[in-house]
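[1] Structure for the following, please:
(one chain, ligands or ions: 1)
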Amino acid sequence: MKALVAVKRVVDYEVKVRVKPDNSGIELNNVKMSMNPFCEIAVEEAVRLKEKNIISEIIVVSMGDKESQKQLQTALALGADRAILVESSDDLQPLTVAKLLKAIYDKEQPDLVIMGKQSIDGDNNQTGQMFAALAGLPQGTFASKVDVADGKVDVTREIDGGLQTVSLNLPALVTTDLRLNEPRYASLPNIMKAKRKPMETLAPADLGVSGKEHFKTLKVESPPVREAGIKVESVEELVDKLKNEAKVI
Ligand code: AMP
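    Predicted coordinates for the structure are as follows:
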């Protein structure tokens, strides 16, 4: 059984992002970039399925500029078998990524596609769902547990106030939630070995997809700066302020 895992290069989750002075986006110069955390969880889940001999090959794919090779290398070091970079310097929007992924899916015919539920840069939470619709696949989104057996994948999903378990016929798409697993770190020998694993580079045009913009970002703004708090001398003063200034009681 083959798994296809999509990984995205994003600003590292520990970076405090700065908005560009012209409000057109986020400053990316000299900023640490990493694999999207939900994609790390997707790679880890595929590797665990391979360790259980359920999956025999893991293909990782990323769409982005040349630098995305680094995140693909990380995925190879974590246990993926080969990588595909769809190289583009355009700002690829979810629908375009979904179409590219559909073209790769048609070419590779995997049994299971695993993606993050969301990228932490755009917070889109769209690509997996769009891909599943384009490919006509059943989808198990926000997975906190995945069981693959007998041509099916059972996905336990985190929903408001509880858990829902759905059973999907393979091939299927799963998107990962935070509690699905705890990703491992790549060991040094595996980082070295990853350099010898195959990495193919394609252009969107090779897959018959154009990088058409489906929406425009009009403005990006920082959240408003929080005003400093004050200290009160007594409970009476606190109650007075809550009543007469904040008017919340
Ligand atoms: P999003 O819809 O942007 O929140 O992303 C959800 C998931 O789609 C990510 O966790 C990735 O698995 C996948 N994805 C989105 N953009 C890309 C990309 N440029 N390259 C590879 N995978 C992507």
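[2] hey, let's count contacts and neighbours off CA atoms from now on
    Noted.
[3] quick one: the residue nearest to the spatial centre of the chain and Met199, what's the gap?
    For the chain, Gly116 is the residue whose C-alpha lies nearest the centre (CA atoms, centre = their mean; 3.5 Å). In this structure, Gly116 and Met199 are separated by 21 Å, where distance is defined by CA to CA, to the nearest Å.
[4] element containing the residue of the chain positioned farthest from its centre, please.
    Checked against the mean C-alpha position of the chain, the extreme residue using CA atoms, centre = their mean is Glu236, at a distance of 50.1 Å. Glu236 is part of helix 235-244 when elements are defined by DSSP states H and E.
[5] right, and Gly140 touches Val155 too?
    Yes. The pair Gly140 and Val155 passes the contact test of CA atoms under 8 Å, sitting 5.9 Å apart.
[6] Now do the longest strand along the chain: distance to the chain's middle.
    When the chain is parsed with DSSP state E, its longest strand is strand 139-149. Its chain's C-alpha centre and that of strand 139-149 lie 15 Å apart, by CA atoms, centre = their mean, to the nearest Å.
[7] That strand - what's its average pLDDT?
    This predicted structure assigns strand 139-149 an average pLDDT of 97.
[8] Which neighbours in the sheet does that strand have, and how are they oriented?
    For strand 139-149, the paired strands and their directions (DSSP bridges) read strand 152-159 (antiparallel), strand 172-176 (parallel).
[9] Can you name the residues of the protein that neighbour the ligand?
    6-8, 38-39, 61-64, 94, 97, 115-119, 122-128 (CA under 6 Å from any ligand atom).
[10] switch to 5 Å and redo it
    With the criterion set to CA under 5 Å from any ligand atom, the chain comes near the ligand through 6-8, 39, 62-63, 115-119, 123-127.
[11] So among those residues, which ones count as buried?
    Those of those that meet the buried threshold are 6-8, 39, 62-63, 115-119, 125-127, by 16 or more other CA atoms under 10 Å.
[12] Make a markdown table out of those and add distance to Ile159, secondary structure and pLDDT.
    Below are those laid out as a markdown table (distance: CA to CA, whole Å; DSSP: H, G, I helix; E, B strand; the rest coil; pLDDT from 0 to 100):
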| residue | distance to Ile159 | secondary structure | pLDDT |
| --- | --- | --- | --- |
| Ala6 | 23 | strand | 98 |
| Val7 | 24 | coil | 98 |
| Lys8 | 24 | coil | 98 |
| Cys39 | 20 | helix | 98 |
| Ser62 | 28 | strand | 98 |
| Met63 | 29 | strand | 97 |
| Met115 | 18 | strand | 98 |
| Gly116 | 16 | strand | 98 |
| Lys117 | 13 | coil | 97 |
| Gln118 | 15 | coil | 97 |
| Ser119 | 19 | coil | 96 |
| Asn125 | 15 | coil | 96 |
| Gln126 | 17 | coil | 97 |
| Thr127 | 19 | helix | 98 |
